[in-house]
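Q: sequence? don't have it. structure:
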């Protein structure tokens, strides 16, 4: 899927060579290890200061950024909510992308998926941090990109809720045959759901393990 | 009815009593603005007297070159004033954008106003060219200043919303739409407000000047209506040009926020 060749970002990330497979890939490591920077480079929110990133063999520099971001959709760790209701926040990206806005049934379905059972007209400033994170996840699911880049999608949730949400992400990806690269610093989440774990430390790749290497 | 009363130097000096009153008030209240009041009154006087001499000369010796040179000088001074106000806050490209928008926007409206609406002859007639250019350029300068301020502040305070919009697949144009629209609104509101109050709350300066100098109120009113619409057009055109080109300066060629 993604191939990083001699990629550097300032002195934050230094990856001589890395191939990221399809499936549910977990980027694991302590905070400050460069995981978020890697995700942001993968969807062209920033560009590497050195080196190349290929997506399915094509240098992403050659792909128009906006089209690339619609295809490789990122969910940031602290997603920003737009002023307005839950409905406004679910549909705003469709306005940005000039796509037909989904009907209420579809919006209700995606909210049920992330277990956020709220009225579509509820103002987002009445939601808790965890609820906002679920809403942001729902917003990304609704857009149905080919690759999800999820930056700690459960950081504002308690352990039980985290497990439910990541389980749902994992099932969604398997069912729709999509891929996801997920950043987490929870080892249990990583080992329970990942097809492959890429461990980072201080901007470098420490090791990578496939599921059968820890799941005997 | 008497004819026009020409003001003598003595009568003009009597008007400076207002400056003395203001100086007195600021001295007694210890506001400490005496220097600014004196400097601004003197500068106003000297600038207008010099302008008077220049205009007398230019009107007596009309030439397309002199008219063009004066318009150019006005444009340069207006652009310089805007850039100075935002010193250290503008990138090189944004400065170029501001200059281009001022020149293209004001000249387009000025030419339309003089050649199509008024139909002046000869085409470079300084008696029309210079005062009308002054009004269009001056108001556009204020409009652009307000627009630039609102754009810079909007991009700073709403950076996270712009970033989130980009993440959700927005083009830079879509991501900054609300900031650009608010900036346009901020820039054009003073012109709209002044049109709302015009004739009721106050009589505009140009019309007052014309009436005092003997023009019939009907002619003065017609000119005032036309010039207000010209100002509205010039402010709107310069500001929208600046914003349409200006928002791009906050992004690089890869559509990333700088």
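A: Happy to help now that I have it. Bear in mind the structure is a predicted one, so any value in this text is a computation, not a measurement. Residues are numbered from 1 along each chain as shown, chains lettered A, B, ... in the order given.
Q: Return the residues of chain B in contact with chain A.
A: B:160-161, B:163-171, B:174-175, B:254-256 (C-beta under 8 Å from any C-beta of the partner chain). Where C-beta positions appear, they are placed from N, C-alpha and C, glycine not excepted.
Q: Just the buried ones from those residues?
A: Listed as buried from the residues of chain B next to chain A are B:161, B:163-171, B:174-175, B:255-256; burial here means 16 or more other C-beta atoms under 10 Å in any protein chain shown.
Q: List the ones among these that fall in helices.
A: Applying DSSP state H to these, the entries found in helices are B:161, B:163-167, B:174-175.
Q: any idea which of these is the one closest to residue A:176?
A: The nearest member of those to residue A:176, counting by C-beta to C-beta, is residue B:167 at 20.6 Å.
Q: what's the longest helix in chain A?
A: helix A:159-176.
Q: that older thread, of all the ones in helices among the buried ones among the residues of chain B next to chain A, which comes closest to chain A?
A: The shortest gap between chain A and any of these belongs to residue B:164, at 4.0 Å (C-beta to the nearest C-beta).
Q: I'd like to know how far the residue of the stretch 1-150 of chain B found nearest chain A sits from residue B:144.
A: Using C-beta to the nearest C-beta, the single residue of the stretch 1-150 of chain B nearest to chain A is residue B:150, 17.5 Å away. For residue B:150, the distance to residue B:144 (C-beta to C-beta, to the nearest Å) stands at 11 Å.
Q: of the two, who's got more company?
A: Neighbour comparison, residue B:150 and residue B:144: the larger count goes to residue B:144, with 29 against 20 (by other C-beta atoms under 10 Å in any protein chain shown).
Q: who are the neighbours in contact with the residue nearest the centre of chain A?
A: With distances taken as C-alpha atoms, centre = their mean, residue A:150 lies nearest the centre of chain A, 1.7 Å away. Neighbouring residues of residue A:150 by C-beta atoms under 8 Å, 6 or more residues apart in numbering or on different chains: A:74-75, A:137, A:140, A:169, A:180-183.
Q: Kindly identify which of the residues you listed also come near chain B.
A: Contacts with chain B within the contacts of residue A:150, as defined by C-beta under 8 Å from any C-beta: residue A:74.
Q: list the residues that contact both of residue B:150 and residue B:144?
A: By C-beta under 8 Å, 6+ apart, the residues touching both residue B:150 and residue B:144 are residue B:187.
Q: ok, back up a step: so which of the contacts of residue A:150 sits lowest on pLDDT?
A: Among the contacts of residue A:150, residue A:169 carries the lowest pLDDT, at 87.
Q: That one and residue A:182 touch, don't they?
A: Yes: between residue A:169 and residue A:182 a contact is recorded at 7.4 Å, counting by C-beta atoms under 8 Å.
Q: higher neighbour count, the two?
A: Shown here are residue A:169 and residue A:182; by other C-beta under 10 Å, residue A:182 has more neighbours (27 against 24).
Q: Regarding that one, what is its secondary structure?
A: strand (DSSP: H, G, I helix; E, B strand; the rest coil).
Q: tell me the phi and psi of the nearest residue to it once chain neighbours are set aside?
A: Leaving aside its chain neighbours, residue A:182 sits nearest to residue A:150 (4.3 Å; criterion: C-beta to C-beta, 6 or more residues apart in numbering or on different chains). Torsion angles at residue A:150 (phi, psi; degrees, to the nearest 10) stand at phi -110, psi 110.
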